[in-house]
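Asks: 3D, please:
(one chain, ligands or ions: 2)
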Amino acid sequence: MAPRELPIYELEDAVVASQRAQGRLIVQAPTGSGKSTQIPQMLLKHGLLGAKGEVVVLQPRRLAARLLAKRVAEEMGVTLGEEVGYQIRLESRVSERTRIRFVTEGILLRQMSFDAGLRGMAAIVFDEFHERHLYGDISLARAVQIQRTTRPDLKLIVMSATLDAGALKAYLAPCEVLVSQGRSFPVRIQYLPKPVNFENDPVWDVAARECERVAMASHGDMLVFMPGAYEIGRTVQAIQSARALRDFVCFPLHGELPPEQQDRAVARYDARKIIVATNVAETSLTIDGVTTVIDGGLARMARFDPHRGINTLLIEKISVASADQRAGRAGRTAPGVCVRLWAEREHANRAPQELPEVKRLDLSEIVLTLKAGGIDDVANFPWLEKPDAVGLGRAENLLADLGALAGEKKSITETGRKMLRFPVHPRYARMLLAAEDRGCVRPVALMAALTQGRNFLLRGVPREVEKAREDALGEEHESDFFLLMRAWRYADQASYAIEACRRLGIHAQGARQVGPLFEQFLAIAKKEGLDTAERRTDGTAVRKCVLAGFSDQLARRLDAGTLRCELVHNRRGVLARESGIQQAKLLVAAEISEIGRGDGEVSTLLTLATAIEEAWLREIFPDDYREVRGATYDEAIKRVVSRRERRFRDLVLEAKVSSDEAPLNEAAALLTREVVAGRLKLETWDDAVEQWILRVNRMAEWFPELEVNPITDADRATLIEQICYGELGYRAIKDKPVMPVLRDWLTAEQLAVIDDYLPERLVMDNGRKARLTYNKEGPPVLSARIQELFGIGGRFSIGHGRVPVKIEVLAPNHRPIQVTDDLTNFWREQYPRIKPELARRYPRHEWR
Ligand code: ADP
Ligand code: MG
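Replies: Ligands and ions are numbered 1, 2, ... in the order given. All right, here's what the predicted structure looks like:
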């Protein structure tokens, strides 16, 4: 189809009019309509980019960015890299003259962070927006901010095949939506008759069989979807050895192929063609002539891996929405067929849609980029879809631990800015930075690759394998990484031969995946001018780099007898038994896994350990390493002793009791804690003291107008602390008088008022003094022996007559006989009845 005939041209006038009128537009049109290749050209052709301005097209996939740039350059008849160019992580073909630039990932966001004016940029196109890639979401939010503030003239276009435009339209309001229905033909969907387990019958074999089956009954080309490079390679092999498919040409298509091979896959041939692709062919690229789609139903998905604290790629089942997109690729030019390599009844169990990346990825890399752009309050960033607070907090904490953020607002540091040079997870950026300083970039790049790939050194292998491993690789006490590096070299030299690898318990396929990752890290380092030459490596330097990247997983062994460890941020864990790093007191674990045990408890396993020396903590993280002097209560000698601690963040590395005098404030607080808990008793804090406190408190209750404050539990602790102040041990406080301190709590006037209103004793009419007892509840009680009360009658009160007093009449042995409010009543009613008995029991006392 000539470009001019593409369905998108129905929208040309509307697009131009809309862009002239306002700066925001959503374009929705089916895959293959011409959005990615034509819309940027329309902007250029109609002068919407000004005389020299550029349009940047953000693509989720590198392969698509490159192929689209190439295609557009061809259509315009220009050399790639001149007027039309692309910029992806390790490759860039742009020039001063570039007017249409396709980019991926963080390239646009970084540019926004360094130059919020976006000089030279006239328009930004967000392509494939329905994929909801992290960088798509964030870059759009930033672009809207920039458009609102510094660049009201900036044009923004969001494009997608399947977008549910409602929420996005509201987010971008005011914003126009243009829709093209495109043209498509019906696609017949076929499922497998019954479910297939790909463990037993590999997906590439199943796919090749289905290709054979449908080849005869169909015309046109075929498109097979596989999750990744490896599965694609196997599928191509299986197809090429199938007799029924001899007349087909077959090509792989994925991002790891060299450009010539990518070009070959999309070129035209006389023979029928089978393309085996990743989900780059789902919506990003259109391959003309396809009438049959074979869908393996799988994709590699990036997801946060809590064990390793990074994002990893996992093979997962695609959603129903994805499967529908893939099927649609068969009906572009004629009716088609889509064979799904799963059973129809399994289909309903698939997720309706993929979760947006912002909900499933580690956010530290983009948080760092936002901070570099001066956005410190990331929680209030205008997210299209807000990530959960836990994920954001985790990202900020990790960045702070890496030394990339500091201060109360968690602003970016000098180190943080340097880390942004490397377009990798901040952990690896920090490691590469450290490696640059220490001249060990190569081994550190390998280590980064080892943590990112799948673990290939099998655990729990039989004795003889362990033995063979030891013979071939030697022992290791400095870092489990070093053993892993030797294992990888061994596997690499053996060309990943299954047998050679199995002998040492190495998963050959897993080891093979490390190579490309290693190359990628090296390429990134080299691009930034780092020295990646092979040289004699110093184990210490490499271990320091591991510490720089994993300081948030620093662990201290709790004892020599067990493998238990304490980690920074109040965590505990157990070092894996197979770790070689069992002599070190300090280590960092590159992996932390929570393992459910039979009893329902969770235990935390630390693996991939590296021995660390304490001096390095101070060297690399001087702000997080502290020596503090403190105090601690020694129960055995009932004394506060001085204590010196060395800490890394909140982890106590070592605490030593010293003979210095403990700081008096801390000593008083510690002794108070013991007294309040009842473990130490102040002998002079007796009933009389409690009575005194009760008098104060009831005074406050009964006569609030006299402004005596009650003594609360907190006040008690303060009083005790005052008593303890200046002392270090129990001996000194045990018999220390407490009343003076308590009386000191009140003013002289308050003391006088209390003695006046709520006295300790009451003088009765017969001149005798009787003791008053105050209680928490109820009235005060006067207690007196019967003989002391002879000749007295009536009721008693205190507090200038406002507080009635109960009278407790005691026998000569001080036992209570009766409680009464009114003595006159007592003498008349009760006394005559009890007198004979009392007189008989106490004949020597007077009985009136
Ligand atoms: P959309 O973005 O709407 O999916 P594109 O702009 O990518 O559409 O593609 C429009 C048409 O251009 C496709 O249908 C195809 O015919 C053609 N095309 C695009 N890229 C290439 C390419 N690299 N090689 C050959 N044809 C291409
Ligand atoms: Mg497109």
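
Asks: Show me the shaky parts of the stretch 601-750 of the chain.
Replies: 601-602, 659 (pLDDT under 70).

Asks: Could you pick out the residues of it near ligand 2 for me?
Replies: Within the stretch 601-750 of the chain, no position is near ligand 2 by CB under 5 Å from the ion. Any C-beta I mention is one placed from the backbone N, CA and C, and that applies to glycine too.

Asks: Report the closest residue of the stretch 601-750 of the chain relative to ligand 2.
Replies: The nearest approach of the stretch 601-750 of the chain to ligand 2 comes at residue 608, 40.9 Å away (CB to the ion).

Asks: burial count for that residue?
Replies: 28 (other CB atoms under 10 Å).

Asks: Can you classify the closest residue to it other than its chain neighbours by secondary structure?
Replies: Leaving aside its chain neighbours, residue 608 sits nearest to residue 590 (3.8 Å; criterion: CB to CB, 6 or more residues apart in numbering). Look at residue 590: counting by DSSP: H, G, I helix; E, B strand; the rest coil, its state is strand.

Asks: from what I can see residue 590 touches residue 606, true?
Replies: No: shown here, residue 590 and residue 606 do not form a contact pair, counting by CB atoms under 8 Å, at 9.0 Å.

Asks: who touches both of the two?
Replies: Common contact partners of residue 590 and residue 606 (CB atoms under 8 Å, 6 or more residues apart in numbering): residue 553.

Asks: any idea which element residue 714 lies in?
Replies: helix 713-724 (DSSP states H and E).

Asks: Residues touching the strand or helix carrying residue 491, excluding its own?
Replies: Residue 491 belongs to helix 480-493 when elements are defined using DSSP H and E. For helix 480-493, contacts defined as CB under 8 Å, 6+ apart pick out 443, 446-447, 450, 456-457, 469, 472-474, 476, 500-501, 504, 506, 508, 511-512, 514-515, 539, 542, 546, 579-581, 590, 607-610.

Asks: related to what we said a few turns ago, does the helix holding residue 714 pack against any helices or strands, and if so which?
Replies: Applying 3 or more CB pairs under 8 Å, 6 or more residues apart in numbering; DSSP states H and E, one finds that helix 713-724 contacts helix 664-676, helix 739-744.

Asks: From the contact counts, what lies against the last one?
Replies: So that's helix 739-744. Judged by 3+ CB pairs under 8 Å, 6+ apart, the packing partners of helix 739-744 are helix 687-702, helix 713-724.

Asks: Turn those into CSV, including distance to ligand 1 and mean neighbour count.
Replies: Shown next, in CSV, are the helices and strands packed on helix 739-744 (distance: least, CB to the nearest ligand atom, whole Å; neighbours: other CB atoms under 10 Å):
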stretch, distance to ligand 1, mean neighbour count
helix 687-702, 80, 16
helix 713-724, 70, 17
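
Asks: Spell out the secondary structure type for the residue lying closest to residue 410 once chain neighbours are set aside.
Replies: Once flanking residues are discounted, residue 410 sits nearest to residue 396: 5.4 Å by CB to CB, 6+ apart. Recorded secondary structure, residue 396: helix (three-state DSSP).

Asks: Contact partners for residue 396?
Replies: Residues in contact with residue 396 (CB under 8 Å, 6+ apart) are 367, 378, 405, 410.

Asks: Kindly report the same for residue 294.
Replies: Residue 294 neighbours (CB under 8 Å, 6+ apart): 207, 210, 211, 214, 222, 223, 224, 225, 338, 339, 341.

Asks: Which helix or strand lies directly C-terminal to the helix or strand of the chain with the lowest mean pLDDT?
Replies: Every helix and strand in the chain was compared by mean pLDDT, DSSP states H and E; the lowest is strand 310-317, with a mean of 79. Heading C-terminal from strand 310-317, the first helix or strand you meet, by DSSP H and E, is helix 320-328.

Asks: what's the distance between the closest residue to residue 739 other than its chain neighbours and residue 734?
Replies: Leaving aside its chain neighbours, residue 739 sits nearest to residue 689 (6.4 Å; criterion: CB to CB, 6+ apart). Remark: distance between residue 689 and residue 734 (CB to CB, to the nearest Å) = 15 Å.

Asks: what's the distance between the residue of the stretch 601-750 of the chain closest to ligand 2 and residue 476?
Replies: Per CB to CB, residue 608 is found 12 Å from residue 476.

Asks: ditto for residue 630
Replies: 38 Å.

Asks: Which one of the two is surrounded by more residues?
Replies: residue 476 (18 against 13).

Asks: close enough to count as contact, that one and residue 580?
Replies: Yes: the pair residue 476 / residue 580 is scored as a contact, 4.2 Å apart, by CB under 8 Å.

Asks: CA atoms only: put stretch 49-68 into PDB for me.
Replies: Extracted as PDB, the C-alpha positions of stretch 49-68 are listed here (Å, rounded to 0.1, in the frame of the first residue of the first chain):
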ATOM      1  CA  LEU A  49       7.200  22.000  13.700                       C
ATOM      2  CA  GLY A  50       8.200  25.600  12.700                       C
ATOM      3  CA  ALA A  51      11.200  26.300  10.600                       C
ATOM      4  CA  LYS A  52      13.700  24.100  12.400                       C
ATOM      5  CA  GLY A  53      11.800  22.400  15.200                       C
ATOM      6  CA  GLU A  54      11.900  18.700  15.800                       C
ATOM      7  CA  VAL A  55       9.300  16.000  16.700                       C
ATOM      8  CA  VAL A  56      10.300  13.400  19.100                       C
ATOM      9  CA  VAL A  57       8.400  10.100  18.900                       C
ATOM     10  CA  LEU A  58       8.600   8.000  22.100                       C
ATOM     11  CA  GLN A  59       8.400   4.300  21.400                       C
ATOM     12  CA  PRO A  60       8.300   1.500  24.000                       C
ATOM     13  CA  ARG A  61      10.600  -0.800  22.000                       C
ATOM     14  CA  ARG A  62      14.000  -0.300  20.600                       C
ATOM     15  CA  LEU A  63      13.600  -2.500  17.600                       C
ATOM     16  CA  ALA A  64      10.500  -0.600  16.600                       C
ATOM     17  CA  ALA A  65      12.200   2.800  17.000                       C
ATOM     18  CA  ARG A  66      15.000   1.700  14.700                       C
ATOM     19  CA  LEU A  67      12.800   0.100  12.000                       C
ATOM     20  CA  LEU A  68      10.300   3.000  12.100                       C
END
